[in-house]
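Peer 1: Starting from these lines, generate the structure:
(2 chains)
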Amino acid sequence: MTKIAVAGKGGSGKTTVAGVLARLLAENGREVLTVDADENPNLGISLGLGVERTYELVSAREAMLPDGPAISGPMEEIVDRFAAEAGERLRIVQVRKFDEFRPG
Amino acid sequence: MLAQLEDKPGRVVVVDLGGGVMTVARGDKSEVDALVVVVEPYPRSAEVGRRLLQMAAEKGIDRRIVVANKVTGNDDVALIRDLLGVEPDLVIPQDTSVRAADREGASPVDYDGASPALGVLRDLASSLVDA
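Peer 2: Sure, this is the predicted structure:
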């Protein structure tokens, strides 16, 4: 497994780089999990999910409020539960609410 | 979180970190195999890039890739080189199709698969998983 992080100043184009990179890797036959950890979670748009679907992902994330029921279990199960399909061999998960989770 | 993922052979995890340096400051070496630092050719962006590279080095992240983005010419590359103190590993040219895709809420891959920016990113994708 290879874990690649993309960073930079806001507006530098890092989200576009991350999204395109993930798309190209998936098209080359890799199983790709993308993780959107940005305060402005637009990675789904760069992946090709479209604006509406991307904002739905954000809405789902916002629904997981800190005072809601705690979500616990192995991290892989948490990812499987909350990741959305973004194409063939390509998934996306919003993680900022994972700060509230308790991986077991 | 990333350190807790199962080590599935062949899988690639791509993380879009928050803007700035704090997300790298909080992480550690076990979390990532490579850090791609995207820098625009102007001082504030380069300063964030310089700090990201410094932090990654201190954390022992050996694979650090500098991507100069939205570059309009050799002067831009020279500016980034001077401000960062290292040569960019990849140079993505200013690409109108990427901007157009962004305006339309589309992926650059779907908007224009033959754009110059995508050509560079194909090289990056190959280098990251073949190394």
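Peer 1: From here on, just use CA atoms for contacts and neighbour counts.
Peer 2: OK.
Peer 1: any chance you could map the strands in chain A?
Peer 2: A:2-8, A:31-36, A:72-73, A:84-87, A:90-94, A:102-103 (DSSP state E).
Peer 1: Is residue B:93 bridged to anything, and to what?
Peer 2: Listed beta-bridge partners, residue B:93: residue B:71 (assigned using DSSP bridges).
Peer 1: correct me, but it touches residue B:76?
Peer 2: No. Under the contact definition of Cα atoms under 8 Å, residue B:93 does not touch residue B:76, with a separation of 10.0 Å.
Peer 1: rewinding a little: in TSV, list the strands of chain A along with mean pLDDT and distance to residue A:44.
Peer 2: Putting the strands of chain A into TSV (pLDDT from 0 to 100; distance: least, Cα to Cα, whole Å) gives the following:
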stretch	mean pLDDT	distance to residue A:44
strand A:2-8	94	15
strand A:31-36	94	8
strand A:72-73	62	25
strand A:84-87	94	8
strand A:90-94	92	7
strand A:102-103	42	24
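Peer 1: In a markdown table, list those strands along with distance to residue B:71 and mean neighbour count.
Peer 2: Conversion of the strands of chain A to a markdown table gives the following (distance: least, Cα to Cα, whole Å; neighbours: other Cα atoms under 10 Å in any protein chain shown):
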| stretch | distance to residue B:71 | mean neighbour count |
| --- | --- | --- |
| strand A:2-8 | 15 | 25 |
| strand A:31-36 | 25 | 26 |
| strand A:72-73 | 45 | 12 |
| strand A:84-87 | 29 | 17 |
| strand A:90-94 | 29 | 25 |
| strand A:102-103 | 42 | 14 |
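Peer 1: Adding distance to residue A:46, write those out as JSON lines.
Peer 2: Listed next are the strands of chain A as JSON lines, based on distance: least, Cα to Cα, whole Å:
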{"stretch": "strand A:2-8", "distance to residue A:46": "13"}
{"stretch": "strand A:31-36", "distance to residue A:46": "11"}
{"stretch": "strand A:72-73", "distance to residue A:46": "30"}
{"stretch": "strand A:84-87", "distance to residue A:46": "10"}
{"stretch": "strand A:90-94", "distance to residue A:46": "11"}
{"stretch": "strand A:102-103", "distance to residue A:46": "28"}
